[in-house]
Each structure stands twice: as structure tokens, then as C-alpha cells.
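In: coordinates for the following, if possible.
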Amino acid sequence: MKEQAQRIREVARQALYSTPNDQECEVPIMVATIRAIVNDFQYYHIGPGEDMVVDARVLYELADELEAL
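Out: Next up, the predicted model:
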């Protein structure tokens, strides 16, 4: 989990530094971060209503890991 947290932090950091000014940076940072999280933590739920899902418990663990960095 620590490696994933570090990668997601780096995605957010890159989005922050590639945005020209503070007013325009919030949305690109959030979008890049959400995409990185989904990419790292999604899995397929097989069965009725089959879809990609992300476990909330895993997201809480990620949040804890990010705070610890």
C-alpha cells in the first residue's frame, strides 16, 4: 500500500506543478488523483450488475497511508 500511496502522491504533485496558476489547479489535481486511485485499486465485481468497483475500506487505508508519508 505504501508504494501505491507514494505513486498517487506523485501524480497529485505532478498535476500541481503542471498547472499555470492557483485558480486553475484544483480540478486537474483532483481529476489526476482520482484517476490514479481508480487505476490502482479497481477490480471487477463478477455477478449481477457486473462492474468495476473500488473498496471503501481500501480507500480509507490509502488515506491513512498518505497521511503517514
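
In: now the helices for this structure?
Out: Taking DSSP state H to define them, one finds helices in the chain at 2-17, 22-41, 56-68.

In: can you give me the angle the first one makes with helix 56-68?
Out: The one in question is helix 2-17. Comparing the axes of helix 2-17 and helix 56-68 via axes from the mean of the first three to the mean of the last three C-alpha atoms, to 10 degrees yields an angle of 70 degrees.

In: begin at 10 from here
Out: Right, with 10 as the first residue, what we last looked at is helix 11-26.

In: the inter-axis angle of helix 11-26 versus helix 31-50?
Out: Interaxial angle, helix 11-26 versus helix 31-50 (the same axes, to 10 degrees): 160 degrees.

In: which helices and strands sit right next to helix 11-26?
Out: Using 3 or more C-beta pairs under 8 Å, 6 or more residues apart in numbering; DSSP states H and E as the contact test, the elements touching helix 11-26 are helix 31-50, helix 65-77. (C-beta placed from N, C-alpha, C; glycine too.)

In: appreciated, that's everything.
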